[in-house]
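Asks: Got a predicted structure here, sequence first:
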Amino acid sequence: MNINKAHDGKEVIDTVCKACAYGDFDKLKAFVELDPGCTNIPDENGYYPLQWAALNNRLAETNFLIAQGVALNVTDGTGQTALHWAAVRGSLPVIETLLRSNADYEIKDNRGYTAIHVAAQYGQTSVLYHLALKWGVDMDQPDHDGRTPLHWAAYKGYADTIRLLLVLDSRYDVGDKEGCTPLHWAAIKGNGEACTVLLQGGSTSVLTSKDVTGLTPAQLALEKGHRYLGLHLAEFKKKQEGGGWFGKNGKLSWMVSTQLAPLIVFYVTTMVVIFLKKVMPAHSMGPILSFFSWSVVVTSALGFAFLYKTTTADPGFIPRGWDTYNSKRKDIDESSEEVDEESRIGGVVGGKGQHLLGHQHKALDSPALWAGNWNQLCVSCRIVRPLRAKHCSVTDRCIEVFDHFCPWVGNAIGKGNRHYFLALLWLNLYAAVASSIIGMIQIQRFVHADRLHPTTMVWLVSWLIINVFVALGLAGLSVAQASQVARNVTTNELANWHRYQYLQASDGRFHNPFNNDCTSNCLEACAPFTAPMAPVYMAKSSLGGRVSCKSNTFCRGCH
Ligand SMILES: [Zn+2]
């Protein structure tokens with residue numbers, strides 16, 4: 001395949017293969033007029049004109065060759081067809097043309113590779129997506145060594161390809177003839193990101209699997225000199241087994257599950273009781289001070305109500321994709337005849353594989369994926385997540401408009417409970433600030449009343465110091481949240497904006513396409529019920545969002 005490398009601008013196009021490789025349509029036509037049979041003759045290396053056109057995404061030449069009646073499934077010396085070659089560079093228009101002309105995507109080369117293995121070897125995620133969604137190709141086909149496209153993507157370290165294959169429900173627990181699962185191969189090659197994605201997608205179950213030499217993925221990584229990765233995998237294994245004090249079997253695991261919400265209840269109750277028992281009675285209060293004192297008690301009580309709502313409300317969990325999918329798939333495995341044929345989906349023009357089920361097919365048929373935004377795939381939940389959503393590692397769920405996980409309330413803060421959280425924050429800020437001011441006034445009056453009582457004084461001063469510190473902390477958090485609400489941006493987006501394409505302007509600087517006028521922003525965050533927002537999967541170009549299209553020239557999402 002070195003014809004391109006030899007091309008220095010002065011290449012003489014003297015064969016049909018070169019005309020196809022360089023896209024010289026006039027030369028191709030001239031060759032065919034001279035010898036109509038030349039389109040089926042390979043070059044000196046045994047490669048056919050259709051392969052060269054397919055490799056270089058020459059659509060006009062491909063169509064012309066097909067019209068001339070070339071053999072679509074002819075193979076070279078390695079057993080590869082034009083479809084294999086088209087997969088190398090992700091030539092989607094040519095792939096679609098070949099398939100519509102009845103090219104066979106199930107042909108295996110001498111090593112057992114079909115086009116999907118080649119696409120995985122070269123990280124052509126769009127090709128795999130196209131073949132799965134439009135042609136229903138089964139992504140679990142093994143080559144002659146028992147390796148599926150997921151093995152190859154893991155071996156080569158293509159994280160996006162792994163994401164797609166996992167969401168397409170490729171098997172991550174199947175060993176090849178050497179007993180290696182995709183995680184074993186990612187560990188052998190030291191592909192850290194690939195290992196992370198595989199573990200997020202369920203490969204934790206193979207952490208203890210051994211290959212034919214008796215080694216686990218962690219041991220293989222260490223043996224190949226990837227020390228950090230090996231230790232990381234070993235540590236991950238320990239966590240899965242619930243080791244350590246805070247592990248799922250540890251002595252303090254209850255603290256992880258209940259988080260710190262009970263501590264807040266205890267703290268606020270204690271502070272309010274001291275306020276009622278020590279601060280308020282320290283000196284007689286006038287009606288205004290009395291009014292504000294009782295307002296502190298009322299806002300603290302209201303705070304409990306909002307704490308309860310923040311903790312128990314659904315923060316915006318996005319339904320997982322794999323629950324229903326796996327159960328349906330199991331049904332099919334057990335009794336394929338009983339499954340309603342309409343629930344199976346083949347390709348748009350009649351694919352053979354019919355791998356994806358109807359609802360899964362529909363869920364994955366997303367403009368975000370046709371545009372190549374693979375980072376919107378969540379391998380843990382097996383879904384395409386909307387913009388602004390993130391997978392929360394604590395709750396292990398994807399959450400719409402994710403802000404942060406708050407250990408103080410024991411819940412993630414997202415689209416569904418951010419308004420409760422803001423109310424909780426601001427009510428407690430008011431209570432802390434107002435009670436601190438009242439406390440200072442009462443202490444001053446208490447001192448001047450000439451009836452100093454040392455024990456009461458210690459209570460009052462200790463209470464005030466703690467209260468002022470908490471008020472300062474709450475003030476900082478409140479200012480940060482208020483500023484984010486006014487700009488319609490989340491804590492996660494501010495911290496990780498460089499990871500999200502939709503938050504970057506064309507010059508790479510921060511740009512928030514969701515930032516409208518301040519009133520709309522505040523209404524959306526503080527009173528979402530007044531203006532419910534549907535999940536957004538693609539940033540509109542009119543809003544300034546930059547969505548890069550990685551699917552080469554053929555992209556449904558951009559049309
Ligand atoms: Zn998720």
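Replies: That came through fine.
Asks: Strands of this protein, residue ranges please.
Replies: For the chain, strands defined by DSSP state E occupy the ranges 377-378, 383-384, 390-392, 397-399, 404-406, 411-413.
Asks: List, one by one, the residues from this protein near the ion.
Replies: Residues of the chain found near the ion (Cβ under 5 Å from the ion) are 378, 380, 381, 391, 398. For glycine as for every other residue, the C-beta is placed from the backbone atoms N, C-alpha and C.
Asks: Please work out which residue of the stretch 51-200 of the chain is closest to the ion.
Replies: Per Cβ to the ion, residue 200 is where the stretch 51-200 of the chain lies closest to the ion, at 8.4 Å.
Asks: Touching, that residue and residue 379? I think so.
Replies: Yes. Look at residue 200 against residue 379 with Cβ atoms under 8 Å: they come within range, at 5.0 Å.
Asks: More neighbours: which of these two?
Replies: Counted by other Cβ atoms under 10 Å, residue 200 and residue 379 do not tie: residue 379 has more neighbours, with 24 against 19.
Asks: Do I have it right that that one meets residue 165?
Replies: No. Applying Cβ under 8 Å as the test, residue 379 and residue 165 come out as separate, 9.2 Å apart.
Asks: Identify each buried residue in the longest helix that the chain contains, please.
Replies: Longest helix in the chain, counting residues (DSSP state H): helix 454-487. Across helix 454-487, burial judged by 16 or more other Cβ atoms under 10 Å covers 456, 459-460, 463-464, 466-468, 470-471, 474, 478, 481-482, 484-485, 487.
Asks: repeat for stretch 279-287
Replies: By neighbour count on 16+ other Cβ under 10 Å, the buried set for stretch 279-287 is 279, 280, 282, 283, 285.
Asks: With respect to the ion, which of those residues is nearest?
Replies: residue 279 (46.8 Å).
Asks: gap between the closest one and residue 436?
Replies: Residue 279 sits 10 Å away from residue 436, taking Cβ to Cβ, to the nearest Å as the criterion.
Asks: again with residue 174
Replies: Going from residue 174 to residue 436 by Cβ to Cβ gives 62 Å.
Asks: Those two - which one has more neighbours?
Replies: Counted by other Cβ under 10 Å, residue 174 and residue 436 do not tie: residue 436 has more neighbours, with 21 against 17.
Asks: From the ion, how far out is that one?
Replies: Distance, residue 436 to the ion, by Cβ to the ion, to the nearest Å: 41 Å.
Asks: didn't that residue look like it was pressed against residue 472?
Replies: No. Contact between residue 436 and residue 472 fails when scored by Cβ under 8 Å: they sit 9.4 Å apart.
Asks: if we can go back for a sec, next up, the contacts around the residue of the stretch 51-200 of the chain closest to the ion.
Replies: 379, 380, 391 (Cβ atoms under 8 Å, 6 or more residues apart in numbering).
Asks: Closest to the ion out of those?
Replies: Looking across those and measuring by Cβ to the ion, the closest to the ion is residue 391, at 3.5 Å.
Asks: mind listing what residue 70 touches?
Replies: Residue 70 makes contacts with 39, 40, 48, 49, 50, as judged by Cβ under 8 Å, 6+ apart.
Asks: Contacts made by stretch 72-86 with the rest, please.
Replies: Outside stretch 72-86, the residues that reach it (Cβ under 8 Å, 6+ apart) are 40, 42, 45-48, 50-55, 57, 62, 66, 94-95, 98-99, 101-105, 107-111, 113-115, 118.
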